[in-house]
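Trainee: After the sequence you'll find the predicted model.
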Amino acid sequence: MKTELENLQGHFKKVSIEVPSDIVAAAIENHYKELQKSANLKGFRKGKAPLELVKKLYGESSMSTVAQNLVESMLPQALTEHKLNPINMPQIEVQSFKAGEAFKFSAHFENTPPVELKGYKNFKAEKTDSAVSEEDLTKALENIRGYFATNKDAITGAEAGKGKIVKITYKASEAGKDLPEASDADVQLEIGNGSVPEAFEKNVIGMTAGQTKEFTVKFPPADSDDLAAPLAGRTIDFVATVHAIQIKELPELNDELAKKLGAASVDDLKTRVKSDLENQKKTAFRNQMQEKAVKYIIDENPVDVPETMLNAQMEQLAVDAGMQLQQSGLNETQIEERLKSWADEMQTRATAQVKASLLLSAIAREEKIQATQDDIRNEIMRIAQTTRQAPQEVLKNLEERRLMGGLIRQVTELKALDWVVSQALGEA
């Protein structure tokens with residue numbers, strides 16, 4: 001087999017391959033023999049039809065299959081020979097395929113750029129205290145009581161304020177145009193619990209039942225974790241009417257309430273809640289360290305961003321943001337406009353994500369980190385719980401869409417990131 005590598009623009013490559021005629025002839029002959037085994041032709045027992053008759057009947061239709069088989073067997077050898085690792089599925093161009101002649105074809109693709117790792121073991125982190133304070137425990141128990149609270153009307157003339165329930169209708173508009181997606185009717189808002197943006201809430205505080213108020217809210221821009229916040233960075237006019245103001249009556253924290261939550265007693269409930277809070281603090285700290293580790297690795301290791309990976313990541317971000325905007329009530333035109341306004345931000349984020357993926361994959365190779373069957377099984381279970389599907393359905397969907405390779409890569413990268421953090425914390 002002869003191969004020739006051509007370097008194109010950026011990290012795109014073209015590999016030309018010539019398969020000798022004798023290998024082509026052997027592949028054709030072997031294919032006919034395989035067809036002969038299953039051929040069911042009139043006048044012959046299955047698998048007993050003469051080979052020449054099989055060639056005559058299936059000759060033309062078999063050539064494309066033989067060519068595909070040769071591509072699938074020869075291309076990996078050529079890639080290995082030139083130490084290439086395609087990012088995307090290579091585009092194949094067949095130049096010639098005839099019995100008795102050499103088979104010539106070429107593969108065009110973008111190759112994974114070289115990564116020279118350095119400094120990733122120098123990331124430092126200090127362990128945090130995961131102890132739960134009495135204040136944290138008290139607040140958590142108050143939230144639990146709030147789940148079982150009942151509401152009753154406040155006294156006449158009571159003003160909306162922290163901890164009160166406000167029944168409200170509000171209509172939104174922007175530059176004189178109604179915004180149904182930002183309007184609502186007869187909804188209950190609890191002041192101070194973060195269910196609505198603070199910029200909106202502060203205008204409701206002080207209102208009384210029966211009062212209507214007009215106000216304008218300039219919403220802050222979206223932070224890095226909330227690209228699809230539908231009102232981020234916009235100036236919206238509201239007309240709000242308060243229908244009623246209520247106060248919450250919390251149940252007593254006793255054994256009866258604890259048993260409703262599956263605990264044996266109040267003390268048992270406190271122990272469980274405290275343990276949950278400790279785990280939450282540990283998880284939050286771990287996530288924070290992982291974010292810092294990713295930034296550190298990217299800063300310490302410059303790497304080219306392949307066009308193919310960047311475009312795919314930007315497309316995924318746009319799909320995710322579009323779904324969130326659709327759920328918030330925006331129509332197709334509004335979604336398209338919003339995504340256009342976020343193009344630069346999505347490109348910046350996608351660039352960082354691609355760099356992280358390349359570097360973490362390189363660390364995994366360097367440290368011989370691999371996703372185990374248990375790792376993959378646990379990730380499929382996590383997806384199943386999140387999407388409320390059966391694990392078998394998740395697995396089938398991944399296999400049908402050929403996404404298992406991506407899932408394994410993602411799990412491997414996360415293991416590499418966890419390894420970096422563990423090293424920094426002295427856990428490994």
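Mentor: Good, I have the coordinates.
Trainee: Which parts of the stretch 101-250 of the chain are helices?
Mentor: Remark: helices assigned in the stretch 101-250 of the chain by DSSP state H, counting those that start in this stretch are 134-147, 198-204.
Trainee: Please identify the deepest-packed of those.
Mentor: helix 198-204 (a mean of 17; mean count of other Cβ atoms under 10 Å). All C-beta spots, glycine's among them, are computed from the backbone N, C-alpha and C.
Trainee: Need the residues that contact that helix.
Mentor: 160, 166, 168, 189, 191-192, 213, 215, 217-220, 238, 240, 242 (Cβ atoms under 8 Å, 6 or more residues apart in numbering).
Trainee: So among those residues, where is pLDDT lowest?
Mentor: Lowest pLDDT within these is found at Pro220 (84).
Trainee: and the closest residue to Gln95 other than its chain neighbours, how many neighbours?
Mentor: Distances taken as Cβ to Cβ, 6 or more residues apart in numbering place Lys104 nearest to Gln95, at 4.1 Å, with adjacent residues excluded. Counted with other Cβ atoms under 10 Å, residues neighbouring Lys104 total 15.
Trainee: does Lys104 really touch Glu93, like I thought?
Mentor: No - assessed by Cβ atoms under 8 Å, Lys104 is found out of contact with Glu93, at 9.5 Å.
Trainee: could you redo the helices of the stretch 101-250 of the chain as JSON lines and give each row distance to Lys118?
Mentor: Formatted as JSON lines, the helices of the stretch 101-250 of the chain follow (distance: least, Cβ to Cβ, whole Å):
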{"stretch": "helix 134-147", "distance to Lys118": "41"}
{"stretch": "helix 198-204", "distance to Lys118": "44"}
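Trainee: Which of the ones you listed sits closest to Gln392?
Mentor: Closest of these to Gln392 is helix 134-147, at 33.7 Å (criterion: Cβ to Cβ).
Trainee: list the buried ones in the helix or strand harbouring Gln313?
Mentor: Element membership for Gln313, per DSSP states H and E: helix 307-327. Buried residues in helix 307-327, counted by 16 or more other Cβ atoms under 10 Å: 307-310, 312-314, 317-318, 321-322, 324-325.
Trainee: ok so, going back, counting neighbours, which of the contacts of helix 198-204 end up buried?
Mentor: Buried members of the contacts of helix 198-204, counted by 16+ other Cβ under 10 Å: 160, 166, 168, 189, 191, 217, 219, 238, 240, 242.
Trainee: Output the residues you listed as TSV; include the columns distance to Asn143.
Mentor: Below are those laid out as TSV (distance: Cβ to Cβ, whole Å):
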residue	distance to Asn143
Ala160	21
Val166	19
Ile168	23
Leu189	17
Ile191	15
Val217	27
Phe219	26
Phe238	29
Ala240	27
Val242	25
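Trainee: Could you find which two of those residues are furthest from each other?
Mentor: Spatially, the most separated pair among the buried ones among the contacts of helix 198-204 is Phe219 and Val242, at 21.1 Å (Cβ to Cβ).
Trainee: Please enumerate the strands of this structure.
Mentor: Using DSSP state E, the strands found in the chain span residues 2-7, 12-19, 91-96, 103-110, 150-153, 164-174, 177-178, 184-190, 212-218, 235-249.
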